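[1] Pasting the sequence and the predicted model now:
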Amino acid sequence: MTPFLKMHGLGNDFAVFDARKQGLALNAAAARRLADRRRGIGCDQVIVIERTDGADAAMRILNADGGEVETCGNAARCVARLLMEEKDCGTVLIETPGGRLVCSDAGGGMVTVDMGAPTLVWDKVPLARPADTNRFTLNVDGRSYAASAVSMGNPHCVLFVDDAEHAPVSTLGPRIETHPMFPNRTNVEFVSVRDRAHLRLRVWERGAGVTLACGSGACAAAVAAHRRGLTDATVEIELDGGVLALELRAGDGHVLMTGPAAISFRGEIDFAEPLP
């Protein structure tokens, strides 16, 4: 039997496996079965903690559709909480395919993740053709949308809307995710500005669909809003699952994200018995 933890950050939920002592080879099909909410564990992402040189641990992220992705801010907080409790320390370094993340204890069950500086160059996001990532026109099914593009180690398309609560997240989100403008597909953020210190955000997450929260998506929304002069450098973002605090740090432009990380339950699964 292989142990796992079910964890979540504001409802963005994960099946977390620790493969540092004994390797765990997960392919796309296995991740899809684990993520299935009726026949598997049920989660937005499957997370595998691995050993690595030069950091406290490495983190693999497999979406519910089985695709492996670059980074996940909410999962980073969850893994950081486990590592800090294990090592009895206040700061850890996590290696991800999207870059290294410095995570620290923010008190009261909260974790701060230094998500690094955003990438705003069109071919690094990446986009399929040259465009001003601050504002460009995206055509979908005969309609035009003013979009912003941001990479937080993974691609994001940010749309500013009048009312995020009623935005067509579940219908327009998948159309933009697979739009030819985004060769690696993209996460899609629907953002409404409440005031200079507060945003409302709903997310269509690449490979997972509508999620209650997206850490890297919140970072991208904060960056895009600040670039357009809509918000200050410190902002609270309300997602369907709760609130994240974002700070765009002066000097190096790094994005600091603070939020909770919770354990839902512990379990075991027998990989010798394939899920249906």
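    Nice, I can see it. Bear in mind the structure is a predicted one, so any value in this text is a computation, not a measurement. Numbering: from 1, shown residues only.

[2] Please report how far Thr258 lies from Tyr145.
    30 Å (C-beta to C-beta, to the nearest Å). Backbone N, C-alpha and C define where each C-beta goes, glycine included.

[3] between those two, which one's more packed in?
    Each of Thr258 and Tyr145 has its neighbours counted (other C-beta atoms under 10 Å); Thr258 has more, 18 against 15.

[4] would you list every one of the strands in the stretch 51-200 of the chain?
    57-63, 68-69, 91-96, 99-107, 110-114, 136-140, 143-151, 155-160, 187-195, 198-205 (DSSP state E, counting those that start in this stretch).

[5] residues in contact with the first one?
    Outside strand 57-63, the residues within contact range by C-beta atoms under 8 Å, 6 or more residues apart in numbering are 20, 26, 28, 31, 35, 44-52, 68-72, 75-76, 79, 83, 92, 94-97, 205-208.

[6] can you do 7 Å?
    20, 26, 31, 45-52, 68-69, 71-72, 75-76, 79, 83, 94-96, 206-208 (C-beta atoms under 7 Å, 6 or more residues apart in numbering).

[7] Narrow these to those that are buried.
    Buried members of these, counted by 16 or more other C-beta atoms under 10 Å: 26, 31, 45-49, 68-69, 71-72, 75-76, 79, 83, 94-96, 206-208.

[8] Helices - which of those residues land there?
    Ala31, Ala75, Ala76, Val79, Leu83 (DSSP state H).

[9] From these, pick the one nearest Pro168.
    Minimum distance to Pro168 across these is 26.7 Å, recorded for Ala75 (C-beta to C-beta).

[10] show me what contacts the most centrally placed residue in the chain?
    When C-alpha atoms, centre = their mean is applied to the chain, the residue found nearest the centroid is Cys72 (3.6 Å). Going by C-beta under 7 Å, 6+ apart, Cys72 touches Gln45, Ile61, Gly215, Ser216.

[11] Ile94 versus the nearest residue to the third one once chain neighbours are set aside, what's the distance?
    Spatial nearest neighbour of Gly215, excluding adjacent residues (C-beta to C-beta, 6 or more residues apart in numbering): Gly73 at 2.2 Å. Gly73 sits 11 Å away from Ile94, going by C-beta to C-beta.

[12] ok, how many other residues are close to the closest residue to Asp56 other than its chain neighbours?
    Take Asp56 and drop its neighbours on the chain: the residue closest to it by C-beta to C-beta, 6+ apart is Val92, 4.3 Å away. Neighbourhood size, Val92 [other C-beta under 10 Å]: 23.

[13] And for the one 5 residues further on?
    Using other C-beta under 10 Å, Pro97 has 14 neighbouring residues.

[14] what's the neighbour count on the closest residue to it other than its chain neighbours?
    Residue nearest to Pro97 in three dimensions, not counting chain neighbours: Glu70, with 4.7 Å by C-beta to C-beta, 6+ apart. Per other C-beta under 10 Å, the neighbour tally for Glu70 reads 16.

[15] distance of the residue nearest to the centre of the chain from Val113?
    10 Å.

[16] Equivalent analysis for Lys87, please.
    Taken as C-beta to C-beta, the span from Lys87 to Val113 is 17 Å.

[17] Name the residue in the two with the higher neighbour count.
    Val113 (29 against 12).

[18] Does the more buried one touch Gly99 like I think?
    No. Between Val113 and Gly99 there is no contact under C-beta atoms under 7 Å: 11.5 Å.

[19] What is the neighbour count of the nearest residue to Pro180 once chain neighbours are set aside?
    Excluding its sequence neighbours, the residue lying closest to Pro180 (C-beta to C-beta, 6+ apart) is Ala128, at 5.9 Å. Neighbours of Ala128 under the rule other C-beta under 10 Å: 14.
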